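**Student:** I would like the atomic coordinates for the input below:
(chains A and B, ligands or ions: 2)
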Amino acid sequence: MIPPSSSAVPLLEAEGLTRAFDDGQVQALRGVDFSIQEGEFIAITGPSGCGKSTLLQLLGLLDQPTSGTLLYRGDSLPALRDPAAYRASEIGFIFQAFHLLPTFTAAENVQIPMFGTGRSLSERRERAAELLKLVGLEDRSDHFPSKLSGGERQRVAIARSLANEPALLLADEPTGNLDSKNAHLILDLIVRLQQEHGRTMVMVTHDPSIAERAGRILHMMDGKVVSDKPSPRTGS
Amino acid sequence: MTFLTVVIRGLLRRPVRTCLTLAGISIGIAAVVALVGMSRGFEKGWQVGLKARGTDLVVSSRGGSLTPKPFNASIRDQIARLPGIAATCNLLVQVTSVEDSDLMILSAREWGGFSWSNLKLVTGRMPQSGEEQAVVLGQTAADILKKKVGDPIQIETAELKVVGIVKGGALVEDGSVIMSLALLQKILASPDQINAIDVRVTPGTNEKQLQILIQQIQRQVPEVRAVSVADHLSNSEGFRMVRAMTWGTSLLAVLVGVLGVMNTMLMTVFERTHEICVLLAVGWKRSRIIQMVLYESALLGFFGGVIGVTIGALGVRALGETPALRGLLQPDLGFPLLALSVLIAVAVGVFSGLYPAWRSSRLAPSQALQAG
Ligand SMILES: Nc1ncnc2c1ncn2[C@@H]1O[C@H](COP(=O)(O)OP(=O)(O)OP(=O)(O)O)[C@@H](O)[C@H]1O
Ligand SMILES: [Mg+2]
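**Tutor:** Ligands and ions are numbered 1, 2, ... in the order given. So this is what the prediction gives:
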């Protein structure tokens, strides 16, 4: 399923990924094959329970596949010696429920992933301020999450996901908890970030109109990818 | 934001619980400081007292408690005959109630013995003879009994007179009622009864010779026990028991502290499952999570220790000032004890955090992050 246009080593390549829960009683993924080229913007759609979140967690190494292979720039991922380093430097996660830490301010939440990456205290601070400015929240940096609106929280979470300049952004229903106005704002921000820097992005959504903003749409059903085609809007 | 900020933020998350935990540890550490400080102060007080009398060896009956059992004064003659002994002085020492004070040291000394010679008069005079119905008081004892020179004083069944106030150069001396041995024996109707002999050896005797001399005394008079002043207290069964109880109680207090911190840290880890999963998801290593939990519990221990040491030290000071214990107790609250106590508290913190830290590092990041 590698797009014919590409010949370079894919950023990420999945082959026969399965994930079973509860001793095989639940088959969340039943053999997923696809690959992601650097710079691509992929939307994953499908009905509830088809395994979208499960797949995203495998890609981000938050979870381990039951079987199958996952290659990152040609190297096997599940066998990776240091999954924490991979999560810290290669992956940026954006969740539907934001998952900010309630006891830390917006700026501090953005700094959290930078611990252990060799950045100094002032570098961490500067970078957090920069990122908050990027998402338009420079005047909210000392606010705690409880004092922010849903849209603002998601913007802080987006800033956090960019903290270590990850190669791959994974977003799981990033607008799922937002009203339509904020959903559009966040989506515009994500599209802008993707396009401006040519970032690689995988976004899970059940909303077809949101999926159309991506360059490529994977449709999943019952633990499998059933269609993989360019978005109608972008064409190919 | 530094890593320490992250750790402190964790502790401030539940301020009431953190304070309660701190209270738990600090009470335990305060108990350690108070008990150890008091028992050591007690020992030191006696030791300095013996040294100030110019005593090298103390002979007392075997199996003695704080005040040893009486024995016959003739034993002294057998000891005085041994080579290397410069002087001896018979004593009858009791801890007893005198008038309003329940705990007073009554130190009766052989008239003319060397144990009198280190006393310095502050006011009044010394007794004129071993038979005069008179006592001298150490300064602290005079304070406690509220006596001055010329006042009558009731000792057991006899009414005597305070003729002088003295300075002994040691806490025990200053807290004692000092009188002639013959006089006390007469009052108690127990002639020839003593319970200790102060022994001064010939000058220049070294530690090894002292030990040989002790063995000789032991062989000569098996019913008593001779110890050098340095060893005197460590060998006393009374003090050994006090020390064992002190450390036993301290251990218990520390154990309670361990359980308190462990409970708190476990609860913290459980209720922060979500946060820990987020930290793992954004790339924190498991070792860093462990470090965070251990730092938190170590910090709890440290602050608990500092507070506990402060409370304990102030408490012992205050106890030492109470009428019942004044003069008996010179709290030994040296820096080593205080530092050791804080160290114990930090160790308690780290130890208590081990299991919670291990638990926290076992979490799977996907566990708490399902959309919702
Ligand atoms: N930890 C788990 N234990 C047991 N079953 C699980 C677990 N996680 C997911 N599942 C099951 O795996 C299947 C796929 O779940 P997943 O969360 O990937 O679906 P999804 O496509 O993200 O759905 P939604 O659109 O509702 O978010 C579901 O049937 C779900 O119940
Ligand atoms: Mg989902």
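
**Student:** what about residue 42, helix or strand, and which?
**Tutor:** I'll assume chain A. Secondary structure from DSSP states H and E places A:I42 in strand A:41-45.

**Student:** Not quite, go with chain B.
**Tutor:** In this assignment (DSSP H and E), B:F42 forms part of helix B:15-52.

**Student:** Please work out the average pLDDT along that helix.
**Tutor:** The predicted model assigns helix B:15-52 a mean pLDDT of 83.

**Student:** for it, which positions count as buried?
**Tutor:** Along helix B:15-52, the positions that meet the burial threshold by neighbour count (16 or more other C-beta atoms under 10 Å in any protein chain shown) are B:18, B:21-22, B:24-50, B:52. Heads up, the C-betas are built off the backbone N, CA and C, glycines and all.

**Student:** near chain A, which residues of chain B?
**Tutor:** With C-beta under 8 Å from any C-beta of the partner chain as the criterion, chain B meets chain A at residues B:1-3, B:5-6, B:9-10, B:12-13, B:274-275, B:278-286, B:288, B:364-366, B:369-372.

**Student:** Spit out the contact partners of residue 32.
**Tutor:** With no chain named, the answer covers chain A. When contacts are counted by C-beta atoms under 8 Å, 6 or more residues apart in numbering or on different chains, A:V32 touches A:14, A:16-18, A:51, A:55, A:68, A:220, A:223-225.

**Student:** actually it's chain B I care about, not the one you picked
**Tutor:** B:V32 makes contact with B:250, B:253-254, B:308, B:312, B:341, B:344 under the criterion C-beta under 8 Å, 6+ apart.

**Student:** Could you check how far it is from B:E321?
**Tutor:** Between B:V32 and B:E321 the distance, using C-beta to C-beta, to the nearest Å, works out to 21 Å.

**Student:** repeat for B:V254
**Tutor:** 27 Å.

**Student:** Which one's more surrounded, these two?
**Tutor:** A count of neighbours by other C-beta atoms under 10 Å in any protein chain shown puts B:V254 above the other of B:V254 and B:E321, at 20 against 11.

**Student:** quick one: pLDDT of the more buried one?
**Tutor:** According to the predicted model, the pLDDT of B:V254 comes to 85.

**Student:** so what's it closest to, chain neighbours aside?
**Tutor:** Taking C-beta to C-beta, 6 or more residues apart in numbering or on different chains, and ignoring the residues beside it in sequence, B:V254 has B:G28 as its nearest neighbour in space, at 5.5 Å.

**Student:** and A:V226, how many residues sit next to it?
**Tutor:** Other residues within reach of A:V226 by the criterion other C-beta under 10 Å amount to 11.

**Student:** if I pick B:E131, what's in contact with it?
**Tutor:** Contact analysis of B:E131 by C-beta under 8 Å, 6+ apart lists B:180, B:182-183.

**Student:** what's the residue closest to the geometric middle of the chain?
**Tutor:** Picked chain A for this. Of all residues in chain A, the one closest to the mean position by C-alpha atoms, centre = their mean is A:L170, 0.8 Å from it.

**Student:** try again with chain B
**Tutor:** Most central residue of chain B, judged by C-alpha distance to the mean C-alpha position with C-alpha atoms, centre = their mean, is B:S39 at 1.7 Å.

**Student:** what sits against it?
**Tutor:** When contacts are counted by C-beta under 8 Å, 6+ apart, B:S39 touches B:239, B:242-243, B:246.

**Student:** Would you quantify the distance from it to ligand 1?
**Tutor:** Relative to ligand 1, B:S39 is positioned 58 Å away (C-beta to the nearest ligand atom, to the nearest Å).

**Student:** and if you look at B:Q47?
**Tutor:** Going from B:Q47 to ligand 1 by C-beta to the nearest ligand atom gives 68 Å.

**Student:** Redo the contacts of B:S39 as TSV? Include secondary structure.
**Tutor:** Output for the contacts of B:S39, formatted as TSV (DSSP: H, G, I helix; E, B strand; the rest coil):
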residue	secondary structure
B:F239	helix
B:V242	helix
B:R243	helix
B:T246	helix
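
**Student:** Which one of these is nearest to ligand 1?
**Tutor:** Of all those, the one with the least separation from ligand 1 (C-beta to the nearest ligand atom) is B:T246, at 53.6 Å.

**Student:** Parallel or antiparallel, list what pairs with the strand holding A:I42.
**Tutor:** Strand partners for strand A:41-45, identified by DSSP bridges, are recorded as strand A:200-204 (parallel), strand A:216-221 (parallel).

**Student:** Pick the most buried one from these.
**Tutor:** Highest mean neighbour count among the strands paired with strand A:41-45 (mean count of other C-beta atoms under 10 Å in any protein chain shown): strand A:200-204, with a mean of 24.

**Student:** List the buried residues of the next helix or strand after it.
**Tutor:** Next in sequence after strand A:200-204, counting helices and strands by DSSP H and E, comes helix A:208-211. Residues of helix A:208-211 classed as buried by neighbour count (16+ other C-beta under 10 Å): A:210-211.

**Student:** What of stretch A:178-196?
**Tutor:** Of the residues in stretch A:178-196, those buried under the neighbour-count criterion (16+ other C-beta under 10 Å) are A:178, A:182-183, A:185-187, A:189-191, A:193-194.

**Student:** and the nearest residue to A:D142 once chain neighbours are set aside, what is it in contact with?
**Tutor:** Closest residue to A:D142 in three dimensions, ignoring its sequence neighbours and counting by C-beta to C-beta, 6+ apart: A:T105, at 5.1 Å. Contacts of A:T105 were listed using C-beta under 8 Å, 6+ apart, and they are A:141-144.
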